[in-house]
Structures are given as structure tokens and as C-alpha cells.
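1. any chance you can model this:
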Amino acid sequence: NPGCRFRYQADAAFPLSDHADFPDLVQFVQRVAPRRVYTLHGFAADFASHLRGLGFDARALCESEQMELSLVGGVAPRAIDPLEVLSIASPMPESPPTPETPGIPGTDSPGTFHAFAMSCAAIALERTRLGKVSRTAGFLERTDRADLPAVTAWLSGSGGVSSSGSRVPVGGAVIRDALCEVSGASVAAFRNCDLKHSDEGETAAELLRHRTSDPESPLTVGEVSTFLESMASARGPSAMLPQLVHLLARCGPMEARFLVRVMTCRLRIGLKEEWVEDAIAGAFAVDPEAVRAAHPLVGDLGSVALLAREGRLGTVGLVPFRPIRLMLASSESNVPALWEQVSLWRAADGGAGEGAADVWIEDGYDGIRCQLHRVGTRVALYSGDLKDVTLAFPEVSALASRLGSDVVLDGVVVAKEHGPVLRGVELQRRGGSGQRELFPGSDIPACFIAFDLLWRDGLSRLTAPFRERRAELEALSLPTGLRRLTA
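-> Predicted coordinates:
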């Protein structure tokens, strides 16, 4: 990514991997020739056994292992083949399950969490984009209307996020304690299992491998969605733990795997957000471009899927206090590259003659990208990831309440009062949590700089030419303390 050198303020950026494959690890041990090797993480016992087969004194720290005995005249301990070790790591079936795949009676019907988990396993095993999109579309098409927003959000990677946009604060300690209580495993056993998999979902599946789903009362998607909502407002681990224990106690290994992954927003099925958009289009026979156009306006794919199912994508528009996904800037390495990109835009728009695309150049500020929504006396600020950060910048919201019009503005909050603009990192401790500051504005005064007008006095301006939107922004009366960019 060429933009990395701008983001890190370095001359160049090089991606490096800290992972070594099985042959590299063996080669490293052979070159070092240590007196003893301790293995940790992953399949530690298997790797230690393989090294002992090569003549090294190797022992696993994180797993209990049975040491081999060398028998005189017998067969030497067999070294484990790397491919054999890899096959042990595959926790799911080799062929994608289908809706007709027999399971536990009563658990695979639409609306059960087991059906969602099996569909995720099937999507994970598809190797191509088209295969994953097709599987996802089929599942969404079969999903009940009431469950559609939740499962679509989970598939797009927004599992541990409540309907209000706040992240569900279920930490690793709560998940560990709940799994230990349900499975009867010790904390040490949990740690060994977690080190083995480096995936809380796989850890949950292994610890609960002997449990089965209750066919009389299967866990439903609605119950999991309600649980996530309640977790968003729960106060402390003592309030979260009993609810999570109750849910996990009703899970089989497959459900436990994906319940934990949904909570941690790491579904790990190789599904990209834009592929979920394509799946929504395929499931409900709508134009993929209509789905992509509605997504930034609505803010979450769950609501977009419901609109697509009901044939109401065309009714989507900008609504105050419903933050929209904004286009982010892209960078070019130098001025000639930038001008080449501009030339391509102008050529696509009919050349450099009359009616060709204009080029607008303005300053860029290092700060927190924000949308400012103001209607009447109500003001709200939303960050680039759609979180409400109004309480973090009370001085900005106080000034915005004095605007002469109802507006939605796109802009940036910068650290500035009278002097030069400070680095954006100075604002991170104010805007990161979205909570009210103990001493607001005392050390780091914030200023909102608007660079686009998206909505005004009941009318969306998103489809208006930028020149018109800019003229309206320039004519907007701003109170002292709020600024607009100048070209």
C-alpha cells in the first residue's frame, strides 16, 4: 500500500511476516543445534515429537504429551509429517454442508443459530468468490425477515456491534470464565487449548466438543441478537458472565465456535463486505449497484438487506442523525501521478473542453473525520466509523447549536484554537472513547472545519454537483469557532 509511507511518515514501508512454516522451523533448529528445545503455541506436542524423531531433546511447554520410549531392536519413533500436522488442524468437514445435510433434529430449521453456524462453515470451505457469494445468497434468501438484519451484519463482520453502533464489550476474560464453567475445564486447560488454536472460536469448539445442541429448545438467532444487545448495556463482567454461561450451555461445538466468533467480530470464513453486498443482490434479485448505493446512506448491511428484500432500496435517502459512510481520500505518491489520475477523470468525462470535470484542490488537515448533524436544538457528531462522539467535543456541539440552518456537514475536527493546527494524534484521547471529558477543551481545544454540505433544511444535497454544494457551504452563516475550508 503506497499510502503507508504517508500514514507512518516514513520514506518507505515494507510488509514483513513474522511467520515461519514447518520446514523453516525444522531448518532453524537444525542450524542452531541446541541442547534442548521447548515448543510453544500451535501444535507444540506434535512439533516436539517430530524434533525428537530427528534426534533433538524437545519438549512441549503448553501441552501434556506422552514421551516415546526407544525400544532396543524395535522401530525408532516415527517423525510426524508436516502434512499430517496440517491435517490435524482442520476442524471442519472437507466438503461444504448443504441445507439437506442431516444434523441434530430440530436444530437446522431456519431461525436456529445452528443453521447459521452450518452455513458459515459451508461458506468458509468455498474456495472462490463466486462460491462464497452463492452460498451466502442462498442462506440470506432462506432467512426469516426478523433475523435477516442480524445475520447479514454478522456475515459482514459487524457481529459484536449493537444496533446503536456501540461495540459489545465482551472481553477475553469473560469468554474464558464462561467456557471454563460450562465445560468444567481448568483455566490452565483453557490456556493450553487457546495456545494450540490461537482462535477463541476453535477453543470454544474443542472445550465443548462433547456437548450437543438441545433439539427441544435450540438456540435461535433472535436469542443471540438479544444477548448481544443486552451485553452492550451490561455493566461489568459480573453482569455479562451469567448470560454468556446460559447461552453457551445450550450450544454444541459448532454453535459455540461461531457464537464466540460473532461476539469478537472475527468470523474467519473469508467473506468480504463487498461480497456480502453481491450476495444481498443475488438473494433478492436487485441491482448490485443499488445495494452499494444504499449501503453508505443506511450505514449497515443488515438494514440494506431488509430494504432489498422488501423492494425499498429506491426509498433510501440521507436522514439527519443516521450517520452515513463517507468516501475516504486516496493518496498518490507524487504530483505527476496525481495529475495523471485527474486526466483520466477528465477524459472519461468528455475531455478538457466545456463540461469536463473540474479539479478542486484544497488543504487537508490531520484530525478526526466527522459528520455534524444539526436540527433545531439537537446536535450530534459522528466519527468516520459512525460512532457518536458528541460528548467528546462539547465545545463543537455548543457552537453548532447556534447555526442558522438545519444541516448535515462533512468535515474534520482538529486540535486548534488560535494558533496552528496540531497533530491529529493529540485528539485521539478525546475522540477515541466518545465519552464526556473530565476537563473538556482545557488542554486540547477542538475546532470543526467543514468541507462539504450534505443536507440542508429538509433537502438532501448528495446528488447535487459539488460546485453547488460548495456555493451553499460558502453562503452558510457559521458562528465564530466553526470554520469552512477555502479552495
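2. ok, residue 47 to residue 308 distance?
-> 48 Å (Cβ to Cβ, to the nearest Å). Every residue, glycine included, has its C-beta placed from N, CA and C.
3. least confident secondary structure element in this structure?
-> For the chain, the helix or strand with the lowest mean confidence is helix 82-88, at a mean of 36 (criterion: mean pLDDT, DSSP states H and E).
4. by contact count, what packs against the following helix or strand past that helix?
-> On the C-terminal side of helix 82-88, the closest following helix or strand by DSSP states H and E is helix 113-125. Using 3 or more Cβ pairs under 8 Å, 6 or more residues apart in numbering; DSSP states H and E, the elements in contact with helix 113-125 are helix 129-142, helix 148-155, helix 221-233, helix 253-263.
5. go again using 6 Å as the cut-off
-> Helix 113-125 sits against helix 129-142, helix 221-233, helix 253-263, with contacts defined as 3 or more Cβ pairs under 6 Å, 6 or more residues apart in numbering; DSSP states H and E.
6. tell me the most buried of these?
-> helix 253-263 (a mean of 26; mean count of other Cβ atoms under 10 Å).
7. quick check: mean pLDDT of that one?
-> Helix 253-263 shows a mean pLDDT of 94.
8. could you dump that helix to CSV, C-alpha only?
-> Taking Å, rounded to 0.1, in the frame of the first residue of the first chain, the C-alpha atoms of helix 253-263 are listed here in CSV:
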residue,chain,number,x,y,z
PRO,A,253,-19.3,-27.3,19.4
MET,A,254,-20.3,-25.8,16.0
GLU,A,255,-22.6,-23.2,17.6
ALA,A,256,-20.0,-22.4,20.3
ARG,A,257,-17.4,-21.8,17.6
PHE,A,258,-19.4,-19.2,15.8
LEU,A,259,-21.1,-17.7,18.8
VAL,A,260,-17.7,-16.7,20.1
ARG,A,261,-16.6,-15.5,16.7
VAL,A,262,-19.7,-13.4,16.3
MET,A,263,-19.0,-11.7,19.7
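9. show me what whichever helix or strand comes after it is packed up against.
-> The first helix or strand that comes after helix 253-263 along the chain, using DSSP H and E, is helix 273-284. Other helices and strands packing on helix 273-284, by 3+ Cβ pairs under 6 Å, 6+ apart, are helix 129-142, helix 288-298, helix 301-309.
10. elements contacting the shortest one?
-> If I follow you right, that is helix 301-309. Using 3+ Cβ pairs under 6 Å, 6+ apart as the test, helix 301-309 ends up in contact with helix 148-155, helix 273-284, helix 288-298.
11. which SS class is the nearest residue to residue 480 once chain neighbours are set aside?
-> Leaving aside its sequence neighbours, residue 480 sits nearest to residue 399 (Cβ to Cβ, 6 or more residues apart in numbering; 7.9 Å). What DSSP: H, G, I helix; E, B strand; the rest coil gives for residue 399 is helix.
12. so that it lines up with my notes, have the first residue be 55 from now on.
-> OK, 55 is where the count begins now, so the last one is residue 453.
13. residue 453 and residue 535 touch, don't they?
-> Yes - using Cβ atoms under 6 Å, residue 453 is in contact with residue 535, at 4.4 Å.
14. neighbour count: those two, which is higher?
-> residue 453 (19 against 16; other Cβ atoms under 10 Å).
15. list the contacts of the more buried one.
-> Each residue near residue 453 by Cβ atoms under 6 Å, 6 or more residues apart in numbering is listed here: 533, 535-536.
16. closest one to residue 169 out of the residues you listed, please.
-> Proximity of the contacts of residue 453 to residue 169 (Cβ to Cβ) peaks at residue 536, which lies at 50.9 Å.
17. tell me the pLDDT of that closest one.
-> 82.
18. relative to residue 437, how far out is it?
-> 18 Å.
19. do residue 325 as well
-> Distance from residue 325 to residue 437, by Cβ to Cβ: 25 Å.
20. put the alpha carbons of stretch 358-370 into CSV.
-> Extracted in CSV, the C-alpha atoms of stretch 358-370 (Å, rounded to 0.1, in the frame of the first residue of the first chain):
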residue,chain,number,x,y,z
VAL,A,358,-29.8,-2.7,3.5
ALA,A,359,-30.7,-6.5,3.2
LEU,A,360,-34.1,-5.9,4.7
LEU,A,361,-34.8,-3.0,2.3
ALA,A,362,-33.7,-5.1,-0.6
ARG,A,363,-36.0,-7.9,0.5
GLU,A,364,-38.9,-5.5,0.6
GLY,A,365,-38.1,-3.8,-2.7
ARG,A,366,-37.5,-0.4,-1.0
LEU,A,367,-33.9,0.3,-1.9
GLY,A,368,-35.1,3.2,-4.0
THR,A,369,-36.5,5.0,-1.0
VAL,A,370,-33.2,5.3,0.8
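21. need the contact partners of that stretch.
-> Residues contacting stretch 358-370 (Cβ under 6 Å, 6+ apart): 202-203, 206, 334, 338, 340, 344, 348-349, 351-352.
22. before we move on, what about stretch 309-322?
-> The contact list for stretch 309-322 (Cβ under 6 Å, 6+ apart) reads 167-168, 171, 174, 208, 211, 213-214, 224, 254-255, 258-259, 262, 302.
23. what's across from residue 428 in the sheet?
-> For residue 428, the beta-bridge partners under DSSP bridges are residue 433, residue 461.
24. returning to what we had before: single out the most deeply packed of the helices and strands packed on helix 355-363.
-> Among the helices and strands packed on helix 355-363, highest average neighbours (mean count of other Cβ under 10 Å) belong to helix 202-209, with a mean of 25.
25. distance from the next helix-or-strand element following that one to the middle of the chain?
-> Sequence order places helix 226-237 as the next helix or strand after helix 202-209, per DSSP H and E. In this view, helix 226-237 has its centroid 23 Å away from the chain centroid, taken as Cα atoms, centre = their mean, to the nearest Å.
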